[in-house]
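>>> Need coordinates for the following:
(one chain, ligands or ions: 2)
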Amino acid sequence: MDAPPGPDSPVTRLRGVGLDRAALLGRLGIQTVGDLLFHAPRRYEDRRRFESIRNLETGASVSVRGKIVAQGVNRFRSGKSVFQVVLDDGTARLHCRWWNLPFLERHFAVGEEILAFGRVQSIRPRTMDHPETEKVEAGDEEFLNINRWVPMYPLTEGLTQRVMRSLTWQAVEACAHAYPEPHPELHVETMELPAEDGPGELRLGMALGRCPLRRDALRALHFPAELADAERARRRLALDEFIDLQIAIQRRRRNLELRARALPCAGDNRWMRPFLGGLGHPLTGAQTRVLREIRGALGGSVPMRRLLQGDVGSGKTLVAVCAALMTLESGFNVAVMAPTEILAGQLERVFRRALEPFGVPVYIHTGSRKSSREPELIPTGAPRAAGTRPGVVVGTHALIEPGFETTRLGLVIIDEQHKFGVAQRDRLLRKGHYPHLLVMTATPIPRTLGLTLYGDLDVSVLDELPPGRAGIRTHLRRMDALPRVWEFIREQIRSGRQAYVVYPKVGDPESEDVGAVTRERERVARELAPSAVGMLHGRMPAADKESVMAAFREGNLGALVATSVVEVGVDVPNATVMLIGNADQFGLAQLHQLRGRVGRGPHPSHCILVPGPDASEEALERLRILVTAKDGFALAEADFALRGPGDLVGRDQSGLPDFRFADLRRDRRLVELARSRVREHLAGSWVPSDSRTIPIGRNPPILQSRAGEDRAGAV
Ligand code: ADP
Ligand code: MG
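Ligands and ions are numbered 1, 2, ... in the order given. From the prediction side, this is the model:
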């Protein structure tokens, strides 16, 4: 007799799965019985009770159950068609309608009993358009499909909810018990699940009580007794994901502490003093405090791993230059990586101006530009030439490529870190022997996201803007106000100021339509004649970008028409107007970044948001938030709540783990919970409330590799 299927058994071991069905499941990423358990329902339907058709109200989303009393297709002369099924549940009749799907006729027959779920369109007659339906069939698995909360799964063509339910049921019965606690030493089952707001039907403000065991969670995820059980189960599984992440993060940290000896890079002030003296302005209080933190870390025994958070314009670059100075004074090289060629060019200039007075060489290394000599170029490990000065290399991700090598790398600085993933960061770090690391974010990151993306970093915060800024006013203007806007910009240019005009392509702000930018530039040039108007977009050759930026910086262009390539980092203090067209297409954090390009000098500045013609009321509401809110951290939180992490970390979500159950927007407190429990455990400080004790001090079990182990051990 065959042993019952286990988590790793192929799905073909289940009743009802042959090769065809296995192929369909494969399209959903389901190969094994265990995969089925982790295929989460996208929603649940309350089939304990059906609405009687007579009581339906327009607009309500309901489930009904009835017999088909008539059905058929109406074809119109226009070529359109509507297929209708008339359901009767004994109280009244409901017309279910599907537009232009005449072939559905084959799937229904008069006399059949079906369930329909959807939104009531009208009540005279009672109609429902494109409902989800399911046949009620007498049979052994009826208890799965009615009289309960029923899971509704993501499907693929050719699979039905009934089939899916039957399979997950078999999977739960066969092997939910084979998933013991992944980290018994953490006693996750003793944790209280915090109350958190969820979207829509899962908005459960109440505390959810104790965390279920994992095996119970896997059952309740698919077949909950109450809706709250399903949410409890999801959170338990999300918590496991956060815990795995925290273990990885904290393990990294520990390895660093155990293995690495930090290079002494705190410097001796011999260049720092004259540099700060010649700056022409003092450091802000926040810059001074952060630099003290950095100096402490650069002189510490563990390599620095630090995130510098600061709002747009808070002066992060100056902090970076000072950190570089400390390292250079100590005789080590510095690598600075930026996400775009424009930013790399700008940083190169800043570093050159700051460092060349001390004879410190600054090199550039991007895809299109490479200095002929770089500090102590390959071969790595060759003896250091006597008298060679330590230097700085500024570059783009080209620094990560094999073409770049350097010795005595003391400090790696990454600007706009969120554009790079953890893996890229590590590849640059590995070009040295445990160099120090300073990463800077342009976009303030909400704490939840920060702990997830940067959990292994210490954080320094610049919470103060340099003085003497005249401020930025933000305006929301409709397109018909544009003539006055152009007049205003002409005035600004006449008085010696400059303007940015940013237009995303209508539709997708991330993809650039060169033709559209070019046309836009012509239009803007007409409006602003006789001022010179330049253009900047991502597909231009690097040298052209650089020369346009130079012309703008030097004041030879009155305005710059650009796609969002100017979003981060560009620093031209004479620019006082930022006009953003189709502003509703951008996220709040992005708009805040764009706005941060002005207001960098002594002149009052203006950010003018012009939403596109089709902007929704919701989008306008979002833009209004920006008009009043100045604080980037508050905006980042708002943006995150509204649009999720995508806009903050980039479309490809660099470095963001691939969560199945966790949702960073909803699970903020779970992130914290996971972090503190893992931390306390590693520190040996957590004692469970009951009598079971954790083996403190012995090889902590969670530091061992565990992929696959818990399955193998239990089956
Ligand atoms: P961000 O934090 O957005 O990267 P930047 O480093 O580009 O900001 O700095 C914004 C502007 O503020 C720059 O023009 C810079 O020269 C100026 N700045 C930085 N620190 C100070 C300071 N302590 N006092 C006056 N201006 C400063
Ligand atoms: Mg910057």
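
>>> ok, the residue of the stretch 101-250 of the chain found nearest ligand 1 - how many residues close by?
As assessed by C-beta to the nearest ligand atom, ligand 1 sits closest to Ile249 within the stretch 101-250 of the chain, at 25.8 Å. Where C-beta positions appear, they are placed from N, C-alpha and C, glycine not excepted. As a burial measure, Ile249 scores 20 neighbours (other C-beta atoms under 10 Å).

>>> just checking, next helix/strand downstream of the helix or strand where Arg251 lies?
Here Arg251, judged by DSSP states H and E, is contained in helix 227-259. Using DSSP H and E, the helix or strand that follows helix 227-259 in sequence is helix 272-277.

>>> which ones are touching Thr518?
Going by C-beta atoms under 8 Å, 6 or more residues apart in numbering, Thr518 touches Met535.

>>> let's number from 12 now, not from 1
Okay, using 12 as the starting number, the last item reads as Thr529.

>>> What separation is there between Gln257 and Gln435?
Distance, Gln257 to Gln435, using C-beta to C-beta, to the nearest Å: 22 Å.

>>> Looking at those two, which has the bigger crowd around it?
Taking neighbours as other C-beta under 10 Å, Gln257 and Gln435 compare with Gln257 leading, 25 against 18.

>>> Surely that one and Ala685 touch.
Yes: with contact defined as C-beta atoms under 8 Å, Gln257 and Ala685 form a contacting pair (5.0 Å).

>>> what pLDDT, on average, does stretch 133-142 get?
For stretch 133-142, the mean per-residue pLDDT is 92.

>>> Check which helices and strands the helix holding Arg262 is in contact with.
Applying 3 or more C-beta pairs under 8 Å, 6 or more residues apart in numbering; DSSP states H and E, we find helix 238-270 packed against strand 54-57, strand 203-204, helix 225-233, helix 679-694.

>>> From Val361, how far out is whichever residue of the stretch 462-611 of the chain sits closest to ligand 1?
Proximity of the stretch 462-611 of the chain to ligand 1 (C-beta to the nearest ligand atom) peaks at Pro477, 3.3 Å away. In this view, Pro477 and Val361 are 15 Å apart by C-beta to C-beta.

>>> what residues does this protein put near ligand 1?
Contact residues, the chain versus ligand 1 (C-beta under 6 Å from any ligand atom): 292, 294-295, 298, 321, 323-329, 477, 582, 584, 611.

>>> Helices - which of these land there?
298, 327-329 (DSSP state H).

>>> neighbour-wise, which of the residues you listed leads?
Lys327 (25 neighbours).

>>> who touches that one in this structure?
Applying C-beta under 8 Å, 6+ apart, the residues near Lys327 are 319, 321, 426, 451, 453, 473.

>>> any idea of the pLDDT on it?
Model confidence at Lys327 (pLDDT) stands at 93.

>>> OK, contacts around the nearest residue to Leu98 once chain neighbours are set aside?
Distances taken as C-beta to C-beta, 6 or more residues apart in numbering put Gly77 closest to Leu98, at 3.5 Å, once the chain neighbours are dropped. Applying C-beta under 8 Å, 6+ apart, we find Gly77 in contact with 64, 98-101, 105, 124-125, 127.

>>> Now Gly77: which helix or strand?
Per DSSP H and E: strand 72-86 holds Gly77.

>>> Now tell me which helix or strand of this structure has the poorest mean pLDDT.
Of all helical and strand segments in the chain, the minimum by mean pLDDT, DSSP states H and E falls on helix 720-725, at a mean of 27.

>>> Now do the helices in the stretch 12-161 of the chain.
Counting by DSSP state H, counting those that start in this stretch, the segments of the stretch 12-161 of the chain that form helices are 30-38, 44-48, 153-156.

>>> JSON lines for the ones you listed, including mean pLDDT and mean neighbour count?
What follows is these, written out as JSON lines (pLDDT from 0 to 100; neighbours: other C-beta atoms under 10 Å):
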{"stretch": "helix 30-38", "mean pLDDT": "95", "mean neighbour count": "14"}
{"stretch": "helix 44-48", "mean pLDDT": "95", "mean neighbour count": "24"}
{"stretch": "helix 153-156", "mean pLDDT": "74", "mean neighbour count": "15"}
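
>>> returning to what we had before: got a quick ChimeraX command for the buried subset of the residues of the chain next to ligand 1?
Listed next is the ChimeraX selection for buried residues among the residues of the chain next to ligand 1, using 16 or more other C-beta atoms under 10 Å:
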select :294,295,298,321,323,324,325,326,327,328,329,477,582,584,611
